[in-house]
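Novice: Need a 3D model of the following:
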Amino acid sequence: MALSEEVKQEIQQAYRDVLTGKSVKARYGQRLMIAEIARYLGDITADDGLRTSPPATCVVEAGTGTGKTLGYLVAAIPIARALGKTLVISTATVALQDQIVHKDLPDLKKHTGMDFSWTLAKGRGRYLCMSRLEARLHDEGVGDSDTMPLFLLDEPRDDEPGTRAFFEDMLGRYGSREWDGDRDHWPSQIPDETWRQVTTDHRQCTNRHCSYFDSCAFFDARKELDDADVVVANHDLVLADLALGGGAILPEPENAIFIFDEAHHLPDKALSHFAASVPVNSTRQWLKQLSQALAKIPPFLAPGTLAAKTVDKISTAARELDIVLAEVYGEAEQNTSWEFSEERRSAQWRYPEGQLPDTLAELAFTAQTATAALVRQLGVLADELQKAFDERKEHDVDRETADAWYPVIGSFHSRSEDQLRLWVAWCEKPPEPQEDKPVTSPPPARWAVRQRWDHAEDITFYSSPVLADNLLYARLWSRAYGAVLTSATLTALGRFDRLRSRAGLPEATRYMVVPSSFRYAEMATVEVPAMPAMPTDDAFGDALVKRLPDLWAGDKATLVLFTSRRQMLSVRDALAPEHPDLIITQDDMAKGEVLRQHCQRVDAGRPSVLFGVASFAEGIDLPGHYLGHVIITRLPFAVPDDPIDASLAEWVTSRGGNPFMEITVPDASVRLVQAVGRLLRTESDTGRVTILDRRIVARRYGQLLLDALPPFRRLIER
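Specialist: This next block holds a predicted model:
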């Protein structure tokens, strides 16, 4: 639809109002971003609410200081409401999610005349299941009861949290509405082992048939979601919803406008979401647990019924699968060239071009057939149990048995489906090239990891797409009414090619780089000092130990970034005795506490040096005097043994490309820009970036990496 004058006026007035209300000046980049998003959404054509124009997204790279959150909210909320679409804002981090829900949206509503509602969307696993809590309390202290099978699979050990008193407190707070059943709103952190006992997933939930449906925390939250104009989610939840067909948790893509903030994470999130794995020995142990559970159910089922017969079929399928898995394990153990290092008790083997050895491929097909049989029979039993919840008809299974056993069978069914995904992926044949249609996507990455512990070992098989392009295009871009992708780092080496290929963006996509409001050359320098060793030299660690104290001398707040945790710790161990109460590493305590202690030292007028690895190169915000110097010890090239990256490099090579220049360098550029981005967070910040990796000036690709950084003043020692 072309934007009506009324909607244009609403956007312009809202922007003026929020600037006045917050006493801030308009930013040129922010205005450009608002206009581009509004134009993009206005250019979409639709018939009866469904998009008729070709799939297209809007990609906006907007650096720190642009105010991109306000930009996309002001542009998209009035248009989404005019179209009758839900605005789904998806982030990669909880911190940004919380900021949008608790600060940005309330601020926008407070300072403008816009009338809109919003809610935070979370998966079912973040909410209390009252049915499971009641069963856990009933089970507490009962011992090995045949009537309470619900926690057969996750009995807590005596030394784990989750006492009866804890669960009673949980019940009391939820019953009195002091707590809303949201895990994140509980006053203290609930350990995963404890939480798993009182939550559920879509396979175990009986939905409207549950006696607690009317007071269910998850469905209460869902009611808000259905009515909200703006839904704040995260990339994982969006992908989980798409995997379920779209519209299962969030609004259907056709009825939604998506804003992906921190969009540079989306392709990798999609890869991990659509990957699959099976730990072979752990699965065999799980099959034993299934057999133990099945041995307890016959007394509750009438002989000769479909449910009773199905239990026997499940037992048979489980035994047959166990035999196959034993063969698979033996084949992989004996006929794989495992190489264990002294420090690591694990070894990895990647199957080149995704091709499995013939014997293993045959066994994978047998495992797929056997797992599919188990999935099918567990599904039949789950259906039979679910029928008991319909009180309008008579059934072979009584309601009490269904209440107790449906979640257990649902859990087994869900896990067996996860296992089937791996075997299906392992048995898929890569597309063959044809004369008129070359293969445009790489084959899947397939690999195995063998781990050894003191008293056990296992082999885990993995499969993953190498690119998320086709997945995202088919499930998201081709269906969504509209989608905006934004982040401070969407280009690599000044181009959008990397994002376009990895995210499968449609041909009609629009791209924009918003100019920064930062005066980079006045605010900061990037320095490359002389170093006696390259990062590839054995002497580089010693060189860091000698050089770092001189570099941070005189600075109040320094962040030193490493690409290796081992090197970070060895440098810390060498320097800490001579510099007591100065260095904090990100491993010393929880992330929030590390940052709090750092800021506390700086506020007290004491110098502080933070040591961090990858997560501190992107996910921290230390404005003003809390950070004045970022030291990058080495260029952030990817770990060479990552099987997905190795598979992609193999494919690029097979097509005559140069994987180092096409993949490794652009990826490093994105990470380097993110790391450098820690320094300047507001327009008044100043400081310096020091890069100790001389490859940035000594290698041909170094100039590309330097030129992709913000235009700081450069101080390079020759």
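Novice: Give me the helices and strands touching the lowest-mean-pLDDT helix or strand in the chain, please.
Specialist: In the chain, no helix or strand scores lower on mean pLDDT, DSSP states H and E than helix 130-139, which sits at a mean of 81. Using 3 or more C-beta pairs under 8 Å, 6 or more residues apart in numbering; DSSP states H and E, the elements in contact with helix 130-139 are helix 164-175, helix 399-427. To be clear about C-beta, it is placed using only N, CA and C from the backbone, and glycine gets the same treatment.
Novice: Could you check the angle it makes with helix 164-175?
Specialist: 150 degrees (axes from the mean of the first three to the mean of the last three C-alpha atoms, to 10 degrees).
Novice: tilt between helix 130-139 and helix 399-427?
Specialist: 110 degrees.
Novice: Mind listing residues that contact helix 130-139?
Specialist: Applying C-beta atoms under 8 Å, 6 or more residues apart in numbering, the external contacts of helix 130-139 come out as 145, 148, 150-151, 164, 167-168, 170-171, 174, 181, 197-200, 206, 210-212, 215-217, 403-404, 407.
Novice: Run the chain-centre distance for stretch 192-207.
Specialist: With C-alpha atoms, centre = their mean, to the nearest Å as the basis, stretch 192-207 stands 20 Å off its chain's centre.
Novice: now that stretch: mean pLDDT?
Specialist: Across stretch 192-207, pLDDT averages out at 83.
Novice: go on, stretch 305-325?
Specialist: Across stretch 305-325, the average pLDDT comes to 95.
Novice: where does the protein dip in pLDDT?
Specialist: Within the chain, the stretches with pLDDT under 70 are 1, 139-162, 342-343, 431-439.
Novice: Let me see the domain layout of it.
Specialist: Domain assignment for the chain by automatic domain parsing gives 5-117+228-271+470-514, 130-208, 283-340+356-427, 520-716.
Novice: Turn those domains into JSON lines, including distance to H455 and mean neighbour count.
Specialist: Converted to JSON lines, these look like this (distance: least, C-beta to C-beta, whole Å; neighbours: other C-beta atoms under 10 Å):
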{"stretch": "domain 5-117+228-271+470-514", "distance to H455": "34", "mean neighbour count": "19"}
{"stretch": "domain 130-208", "distance to H455": "16", "mean neighbour count": "15"}
{"stretch": "domain 283-340+356-427", "distance to H455": "13", "mean neighbour count": "18"}
{"stretch": "domain 520-716", "distance to H455": "27", "mean neighbour count": "17"}
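Novice: Any chance of those domains in a markdown table with distance to R350 as columns?
Specialist: Output for the domains of the chain, formatted as a markdown table (distance: least, C-beta to C-beta, whole Å):
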| stretch | distance to R350 |
| --- | --- |
| domain 5-117+228-271+470-514 | 15 |
| domain 130-208 | 30 |
| domain 283-340+356-427 | 11 |
| domain 520-716 | 4 |
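Novice: So which of the ones you listed is nearest R450?
Specialist: Ranking the domains of the chain by proximity to R450 (C-beta to C-beta) places domain 283-340+356-427 first, at 5.4 Å.
Novice: before we move on, the earlier item: what would the helices and strands packed on helix 130-139 look like in JSON lines with distance to I11?
Specialist: Shown next, in JSON lines, are the helices and strands packed on helix 130-139 (distance: least, C-beta to C-beta, whole Å):
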{"stretch": "helix 164-175", "distance to I11": "42"}
{"stretch": "helix 399-427", "distance to I11": "44"}
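Novice: returning to that earlier point: identify whichever of the domains of the chain lies nearest to P443.
Specialist: Relative to P443, the nearest member of the domains of the chain by C-beta to C-beta is domain 520-716, separated by 7.3 Å.
Novice: for stretch 211-222, the distance to its chain's centre please.
Specialist: Counting by C-alpha atoms, centre = their mean, stretch 211-222 comes out at 26 Å from the chain centroid.
Novice: For it, measure first residue to last.
Specialist: This stretch, stretch 211-222, spans 18 Å end to end (C-alpha to C-alpha, to the nearest Å).
Novice: With stretch 102-113 instead?
Specialist: 18 Å.
Novice: and M568, what are its phi and psi?
Specialist: phi -60, psi -50 (degrees, to the nearest 10).
Novice: so the nearest residue to S647 once chain neighbours are set aside bridges to which residues?
Specialist: Nearest non-adjacent residue to S647, counting by C-beta to C-beta, 6 or more residues apart in numbering: A445, 3.8 Å away. Using DSSP bridges, the bridge partners assigned to A445 are S464.
Novice: A445 reaches P643, doesn't it?
Specialist: Yes: look at A445 against P643 with C-beta atoms under 8 Å: they come within range, at 5.1 Å.
Novice: what is in contact with those two at once?
Specialist: Contacts common to A445 and P643, judged by C-beta under 8 Å, 6+ apart, are 350, 462, 464.
Novice: possible to save those residues as JSON lines with neighbour count and distance to P710?
Specialist: As requested, these are arranged in JSON lines below (neighbours: other C-beta atoms under 10 Å; distance: C-beta to C-beta, whole Å):
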{"residue": "R350", "neighbour count": "19", "distance to P710": "37"}
{"residue": "Y462", "neighbour count": "22", "distance to P710": "38"}
{"residue": "S464", "neighbour count": "20", "distance to P710": "34"}
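Novice: Show the end-to-end separation of stretch 386-400, please.
Specialist: End-to-end for stretch 386-400, by C-alpha to C-alpha: 11 Å.
Novice: again with stretch 43-57
Specialist: Counting by C-alpha to C-alpha, you get 11 Å between the two ends of stretch 43-57.
Novice: Quick one: distance of it to the chain centre.
Specialist: With C-alpha atoms, centre = their mean, you get 29 Å for stretch 43-57.
Novice: residues in contact with it?
Specialist: Identification of contacts with stretch 43-57 by C-beta under 8 Å, 6+ apart yields 1-2, 40, 83-84, 254-255, 473, 477-478, 480-485, 505-510.
Novice: quick one: which of these sit in strands?
Specialist: Among the contacts of stretch 43-57, the ones falling in strands (DSSP state E) are 482-485, 510.
Novice: so what's D555 closest to, chain neighbours aside?
Specialist: Leaving aside its sequence neighbours, D555 sits nearest to H629 (C-beta to C-beta, 6+ apart; 4.6 Å).
Novice: Kindly state the beta-bridge partners for the one you found.
Specialist: On the basis of DSSP bridges, H629 is bridged to T558, R688.
Novice: ok, it - contacts?
Specialist: H629 neighbours (C-beta under 8 Å, 6+ apart): 551-552, 555, 557-559, 679, 687-690.
Novice: Take the residues you listed and write them to JSON lines, including distance to R495.
Specialist: Converted to JSON lines, the contacts of H629 look like this (distance: C-beta to C-beta, whole Å):
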{"residue": "L551", "distance to R495": "33"}
{"residue": "W552", "distance to R495": "35"}
{"residue": "D555", "distance to R495": "34"}
{"residue": "A557", "distance to R495": "34"}
{"residue": "T558", "distance to R495": "32"}
{"residue": "L559", "distance to R495": "28"}
{"residue": "L679", "distance to R495": "24"}
{"residue": "G687", "distance to R495": "28"}
{"residue": "R688", "distance to R495": "27"}
{"residue": "V689", "distance to R495": "22"}
{"residue": "T690", "distance to R495": "27"}
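Novice: Looking at those, spot the one nearest K296.
Specialist: L559 (55.9 Å).
Novice: F213 - how many residues pack around it?
Specialist: 15 (other C-beta atoms under 10 Å).
Novice: I figured it hits N207, correct?
Specialist: Yes: using C-beta under 8 Å, F213 makes contact with N207 at a distance of 7.0 Å.
Novice: Would you map the helices across the stretch 1-150 of the chain?
Specialist: 5-22, 28-42, 68-83, 94-99, 105-111, 130-139 (DSSP state H, counting those that start in this stretch).
Novice: what's in contact with the fourth one?
Specialist: In this case it means helix 94-99. Taking C-beta under 8 Å, 6+ apart as the rule, helix 94-99 contacts 69, 91, 120, 232-234, 261-262, 619.
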